[in-house]
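**Q** need coordinates for the below:
(2 chains)
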Amino acid sequence: EPEVTQTPSHQVTQMGQEVILRCVPISNHLYFYWYRQILGQKVEFLVSFYNNEISEKSEIFDDQFSVERPDGSNFTLKIRSTKLEDSAMYFCASRTGQGSYEQYFGPGTRLTVT
Amino acid sequence: QKEVEQDPGPLSVPEGAIVSLNCTYSNSAFQYFMWYRQYSRKGPELLMYTYSSGNKEDGRFTAQVDKSSKYISLFIRDSQPSDSATYLCAMEGYNNNDMRFGAGTRLTVKP
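**A** Next comes the predicted model:
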């Protein structure tokens, strides 16, 4: 069964460093998403991406964040200068197309900023 | 007022009990309503969805949406220890591009 994969499973970085979180969505999916979940808190929408551009972004997704689909399979989230408060689980999700509501989530990347 | 409110629990029930999980919301633009199950340190997994008001049943699970009250529910019948997880309600508008989650309710079903 196809699934969303994410790498790495755990990333430790120092404050101020840049990190890139990687996702491989399900191959025939067209819509891609990033969410984050700070430990003990709710899952929060960050950004949605379709047709090589951002469709929606939340207030969390500021200039420190960017997304890219560099090739036909990967979808990345970059944090330019990490802060302590960026420590969280980051989930990638994808869905097939318009009219399909079901988002499939990856297992997440745990980001720890020290 | 938070956009989506959900009692985080924890909720503990004996095996076989009927479980009722609920969320309220404030944004009348929400049209699609989902319930996700999340095991510890895993990604959310879609359990149920409903579009607009109404009921939907799938096996032991029933989802209800009352848009007039801005209230959604998930019922689990004959609960099993394997149902122990965090249950997240989620909802989004017509554009399907900015899903909002509740805080999640942690459920434990005791054998």
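**Q** what's near enough to touch the residue nearest to residue A:8 when sequence neighbours are not counted?
**A** Spatial nearest neighbour of residue A:8, excluding adjacent residues (Cβ to Cβ, 6 or more residues apart in numbering or on different chains): residue A:109 at 6.1 Å. Using the backbone N, CA and C atoms, a C-beta is placed for each residue, glycine as well. Contacts for residue A:109 were tallied using Cβ atoms under 8 Å, 6 or more residues apart in numbering or on different chains; they are A:6-11, A:21, A:89-90.
**Q** so what does residue A:109 look like in phi/psi?
**A** With angles defined as degrees, to the nearest 10, residue A:109 sits at phi -120, psi 130.
**Q** likewise for residue B:81?
**A** The phi/psi pair for residue B:81 (degrees, to the nearest 10) is phi -50, psi -30.
**Q** can you get me a residue count around it?
**A** 10 (other Cβ atoms under 10 Å in any protein chain shown).
**Q** give me the number of residues near the residue of chain A found nearest chain B?
**A** Nearest to chain B in chain A, going by Cβ to the nearest Cβ, is residue A:105, at a distance of 3.4 Å. Residue A:105 is flanked by 22 other residues according to other Cβ under 10 Å.
**Q** switch the contacts of residue A:109 over to a markdown table; also include neighbour count.
**A** Below are the contacts of residue A:109 laid out as a markdown table (neighbours: other Cβ atoms under 10 Å in any protein chain shown):
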| residue | neighbour count |
| --- | --- |
| A:6 | 22 |
| A:7 | 14 |
| A:8 | 12 |
| A:9 | 10 |
| A:10 | 10 |
| A:11 | 17 |
| A:21 | 22 |
| A:89 | 21 |
| A:90 | 22 |
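**Q** so of these, which ones are in strands?
**A** Counting by DSSP state E, the contacts of residue A:109 place A:6-7, A:10-11, A:21, A:89-90 in strands.
**Q** helix or strand: which one has the closest residue to chain A within chain B?
**A** Using Cβ to the nearest Cβ, the single residue of chain B nearest to chain A is residue B:43, 3.4 Å away. Element membership of residue B:43, judged by DSSP states H and E, is empty: it is in no helix or strand.
**Q** what sits closest to it if chain neighbours are left out?
**A** Per Cβ to Cβ, 6+ apart, closest to residue B:43 is residue A:105, 3.4 Å.
**Q** give me the beta-bridge partners of that neighbour?
**A** On the basis of DSSP bridges, residue A:105 takes part in beta bridges with residue A:93.
**Q** C-terminal to the lowest-mean-pLDDT helix or strand in chain B, what's the next element?
**A** In chain B, the helix or strand scored least confidently by mean pLDDT, DSSP states H and E is strand B:45-51, which has a mean of 90. Remark: after strand B:45-51, the chain's next helix or strand is strand B:54-58, criterion DSSP H and E.
**Q** contacts for that following strand, please.
**A** Taking Cβ under 8 Å, 6+ apart as the rule, strand B:54-58 contacts B:47-50, B:62-65.
**Q** tabulate the residues you listed (JSON lines), appending neighbour count.
**A** Below are these laid out as JSON lines (neighbours: other Cβ under 10 Å):
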{"residue": "B:47", "neighbour count": "17"}
{"residue": "B:48", "neighbour count": "20"}
{"residue": "B:49", "neighbour count": "18"}
{"residue": "B:50", "neighbour count": "19"}
{"residue": "B:62", "neighbour count": "17"}
{"residue": "B:63", "neighbour count": "22"}
{"residue": "B:64", "neighbour count": "19"}
{"residue": "B:65", "neighbour count": "24"}
